[in-house]
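Visitor: turn this into a structure:
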Amino acid sequence: MPTSSCRIAIMLVLTTIASAAGPVAGANAAAAGNDTVGPVVSVTPGSGKIDGEVRASMIVAAPAAAIYSALIECAKAPEVFPSLKSCRVVEGQAGQSWDIREHKVASWASFLPDMRTVFRSEYVPNRSIMFRLIAGDLQHLDGGWKLEPVTGGTRVTYEARVGFNAFVPGFLVRQSLTADVPKFMAAIRDESVRRAPAFADAKF
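Guide: This next block holds a predicted model:
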C-alpha cells in the first residue's frame, strides 16, 4: 500500500489536475459508474521525469458549462479536500483566457513543511482547460481537460503526465492514481450534476 506521504503527494496532484476543482461532492457516485458513462481510467508508466501518464473519460448528465464551472472554482476547494490548505489565483483572472494558481497541501507530519505547486492554466470556456507546472514540489505535471457535447450530456476527458520527486517510487504513484482518479472524477461528476439546473439554458 502507498505510504502516508505518497498519498498526500497524490492528493496534491489530484487537487492540481482538476485545475483547482471547486466544491465537489463526495465520491459516492463511483459505485454507480459503468463502462458506458465512466469514469474509465488508464494509468501507464512514463519515461524520464514522468512517473505516470493518465487518461480518464466519462459522460456527465450535465451541460458543459456546469462542468466547467465545477472545474475552475478555487475559493471553496479547501472546504472539500481536508489536505488542501489553500487555493489562490496569483496572476490573471480566474476562468478567463489564463491564470496562474498556487496550491498548498498540508504535510502528513507536523514537523515537515507543507507541499506546494504553482501551475498555469489556459482556458477555452466550456470546452477545455490546459495546465502545466511552473514551480513547486513536483518535478513535472502537464495535461488538460476536454469537454464535448454528446447524447445525454457531456463527455469529459482528462489527460496528464505526472512526475514526482525521487522519494516517491513511480509504481506507488501509478498505484495511487489508479485507485484515486476514478473517485475524483466521480466526485466532479456529482458536483456537475448538482450544478446543472443553474446552467439549463447554457449553450456549448
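Visitor: tell me where the protein has strands.
Guide: Defined through DSSP state E, the strands belonging to the chain, from first to last, are 40-44, 52-60, 84-92, 98-105, 115-124, 128-136, 140-150, 153-163.
Visitor: how about these in JSON lines, adding mean pLDDT?
Guide: Listed next are the strands of the chain as JSON lines, based on pLDDT from 0 to 100:
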{"stretch": "strand 40-44", "mean pLDDT": "93"}
{"stretch": "strand 52-60", "mean pLDDT": "95"}
{"stretch": "strand 84-92", "mean pLDDT": "88"}
{"stretch": "strand 98-105", "mean pLDDT": "90"}
{"stretch": "strand 115-124", "mean pLDDT": "91"}
{"stretch": "strand 128-136", "mean pLDDT": "94"}
{"stretch": "strand 140-150", "mean pLDDT": "94"}
{"stretch": "strand 153-163", "mean pLDDT": "94"}
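Visitor: now do stretch 85-97: distance to the chain's middle.
Guide: Between the mean C-alpha point of stretch 85-97 and the mean C-alpha point of its chain there is a distance of 15 Å (Cα atoms, centre = their mean, to the nearest Å).
Visitor: got a list of contacts for it?
Guide: 15, 20, 68, 72, 74-75, 77-78, 98-106, 114, 118, 122-123, 125 (Cβ atoms under 8 Å, 6 or more residues apart in numbering). Heads up, the C-betas are built off the backbone N, CA and C, glycines and all.
Visitor: from those, which would you call buried?
Guide: Those of the contacts of stretch 85-97 that meet the buried threshold are 15, 20, 68, 72, 74, 77-78, 99, 101-106, 118, 123, by 16 or more other Cβ atoms under 10 Å.
Visitor: closest to residue 182 out of those?
Guide: For the buried ones among the contacts of stretch 85-97, the residue nearest residue 182 by Cβ to Cβ is residue 15; the value is 15.9 Å.
Visitor: residue contacts, residue 135?
Guide: By Cβ under 8 Å, 6+ apart, the residues touching residue 135 are 116, 117, 118.
Visitor: for these, which one is nearest residue 172?
Guide: When the contacts of residue 135 are compared for distance to residue 172, the smallest value, 18.5 Å, is given by residue 117; criterion: Cβ to Cβ.
Visitor: count the residues that sit near the spatially closest residue to that closest one that is not a sequence neighbour.
Guide: With Cβ to Cβ, 6 or more residues apart in numbering as the measure, residue 136 is the residue that lies nearest to residue 117, at 3.7 Å, once sequence neighbours are left out. The burial count assigned to residue 136 is 18, neighbours taken as other Cβ atoms under 10 Å.
Visitor: cool, thanks, talk later.
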